[in-house]
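**Student:** Build me a model:
(2 chains)
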Amino acid sequence: MLEAAFRGGGRYWALLGFWGLLVALGLGAWGRQFTEGLTVTGMSQDVTWGIYIAQFTFLVGVAASAVMVVLPYYLHNYKVFGRMVILGEGLAIAAVLMCMLFIFVDMGQPTRVANVLLHPTPNSMMFWDMVALGGYLVLNLLIGAVTFDAERREAPPPHWIKPIIVLSIPWAVSIHTVTAFLYSGLEARAFWMTAILAPRFLASAFASGPSLLILLALILRRFTRFDPGEEAIRKLALIVTYAMTVNIFFVGVELFTALYSDMPHHTYPFRYLYLGLHGHDSLVPWMWFGAALTVVCVTLLLVPRTRNDLRLLPFLCAGVILAIWIEKGVGLVITGFVPNPLGRITDYAPTGVEVAVTLGVYGFGFLVLSLLYKIVVNVRERMIPA
Amino acid sequence: MKGPRYAMVVDTRTCVGCAACVIGCKAENDTPDGYSRDWIHSLVAGEFPRLRMTIESRRCNHCEKAPCVSVCPTGASHVGPGGTVQVDPEKCSGCKACIAACPYGARYVDPRSGAVDKCTFCWHRLEAGKTTTSCQEICPTQSIVFGDLNDPESEVSRLLKTRKWYVLQPDAGTAPKHFYLE
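**Tutor:** Below you'll find the model as predicted:
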């Protein structure tokens, strides 16, 4: 079954080659970061988490969103997602691996990463995040392998896997909740210290993850004989619509609480994001672009005629992914450090090294995803009567 | 609580903001270029020519309820002897969770080791039998006083009993052990 990952046409190898190239680029840049230290990044004494931790946050959401296909299929016996579930689990595996790598490359002393396990500290959210992500990776690998193997043999999956699948549902929610707790439990950072951060994370995750899944499903439909099903794609688009609408509501609730109460520490970060603070306005164009994109995409998703148009849908999905990426991957992490607890404003922009390492991690994730999907497609194509 | 409970008291009325404490710390603790374990914060209020200025010599507050210790995933950040907050550089993975958690901006990643660094209350000096920190020793106006809160006869205890004082960000609930005299 696994050997299928290494048999393919020219186009498949070109794709793998492209991801490999990104990985090589990232490794080279990380080598420099490892020898010279974090000074080669744009991070500073004031802004100590940058593009790496931001990507980590975005991708935990993508990983958690697999639950949006797993839950309807296994808990509600929603058969339409039958061919979509394995794609969701594959995406979760690739996303969790990228999350772990993003934490790793952000460390000042990566050779001591094992200390998190050698000296476990249950009072630390970082420790629990590692436990949650590791557990989620194992769960998805196990569930994916067992159910897919059964399907390949055209047999029902073994009974013992069912409780493990059920366990993976709250576990998916937990990984993004713990990630939110990493931020929202810090009294030093008013921007993050809000009870709605975890619900917001989940809402935006359930919009961005299924959007990515739709794009991947459409790509597979276009280039292979495997079709995850048009109804499944439409249902996912509906999930994206609901999640994105809820996300807008949550952001609105957040904005109201901060701006109406007008407490300086709670309003400054939002002013920095949308208006600029004391002339520091590097994120302002990003945020307004993201807001406009959100409004356009949600409007078109809410209208059934445009949502169900499969030629328009990929653009809407790409728009949703980009909007959430701006929200979590650009705005959220950096702004937690602005202004810093001493009232100082320090701008942050990633350096070339950081961008290269980031591309490398994404390259690795998509390399893994390509290999996993190749195995799935290969087996599924063989099952289709010619 | 048995044993010493170390604290620092800084007199904002006598401090002239000369930054000798910053230089003294840098020389004593060999902090990396561009980073410092202590710094001068000055707040100017009013309009020229009617001005007033508050100068604070700042560093790690060695909080009683230290958020940096709670969030550390490896136990590198810990409450050390005498209630001080210390970082074990051999354990630290440089994840920077403690930097995000610190309401005082007291921590940084040392680019040479990749580990987080901050004020130790000159613990190496105390271990060697000295009773002062380097910033205290170098201060030309004797504005920095270090000592044991559990000793009612200590200079820090006496100052806190007789002078009006404040701590930074009391709302953060960290119970800092770094006091400023008004």
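**Student:** what residues are up against residue 85?
**Tutor:** I'll assume chain A. A:Val69, A:Val70, A:Tyr73, A:Tyr74, A:Thr147 (C-beta atoms under 8 Å, 6 or more residues apart in numbering or on different chains). To be clear about C-beta, it is placed using only N, CA and C from the backbone, and glycine gets the same treatment.
**Student:** wrong chain, I was asking about chain B
**Tutor:** B:Cys60, B:His62, B:Cys63, B:Ala66, B:Cys68, B:Val69, B:Ser77, B:His78, B:Val79, B:Lys118.
**Student:** For chain A, give the residue positioned nearest to chain B.
**Tutor:** Going by C-beta to the nearest C-beta, chain B is nearest to A:Gly108 of chain A, at 2.2 Å.
**Student:** That residue: what secondary structure?
**Tutor:** coil (DSSP: H, G, I helix; E, B strand; the rest coil).
**Student:** Up against chain B, what does the stretch 51-200 of chain A have?
**Tutor:** A:103, A:106-110, A:112-113, A:115-116, A:118-119, A:121, A:123-127, A:130, A:182-183, A:185-189 (C-beta under 8 Å from any C-beta of the partner chain).
**Student:** picking that back up, which member of the contacts of B:Val85 is positioned nearest chain A?
**Tutor:** Closest to chain A, out of all of the contacts of B:Val85 and judged by C-beta to the nearest C-beta, is B:Val69, at 8.0 Å.
**Student:** Spatially nearest residue to that closest one, not counting backbone neighbours?
**Tutor:** Of all residues not flanking B:Val69 in the chain, B:Ser77 sits nearest, at 4.9 Å (C-beta to C-beta, 6 or more residues apart in numbering or on different chains).
**Student:** Run through the bridge partners of that neighbour.
**Tutor:** B:Val87 (DSSP bridges).
**Student:** which SS class is B:Ala7?
**Tutor:** strand.
**Student:** so what's it up against?
**Tutor:** B:His62, B:Phe146, B:Gly147, B:Asp148, B:Leu149, B:Val156, B:Lys177, B:His178, B:Phe179.
**Student:** swap the cut-off to 10 Å and go again
**Tutor:** Residues in contact with B:Ala7 (C-beta atoms under 10 Å, 6 or more residues apart in numbering or on different chains) are B:61-62, B:64, B:82-84, B:121, B:145-150, B:154, B:156-157, B:160, B:176-179.
**Student:** Need the pLDDT of the residue of chain B found nearest chain A.
**Tutor:** Among the residues of chain B, B:Gly94 lies closest to chain A, at 2.2 Å counting by C-beta to the nearest C-beta. As predicted, B:Gly94 sits at a pLDDT of 92.
**Student:** Can you classify it as helix, strand or coil?
**Tutor:** coil.
**Student:** what do you get for B:Ser57?
**Tutor:** B:Ser57 - assigned by three-state DSSP - is strand.
**Student:** just checking, it touches B:Cys135?
**Tutor:** Yes. With contact defined as C-beta atoms under 10 Å, B:Ser57 and B:Cys135 form a contacting pair (7.0 Å).
**Student:** Can you work out which residues contact both of those two?
**Tutor:** With C-beta under 10 Å, 6+ apart, B:Ser57 and B:Cys135 have common neighbours B:Met8, B:Val10, B:Ala20, B:Cys21, B:Val22, B:Cys25, B:Asp38, B:Ser143, B:Ile144.
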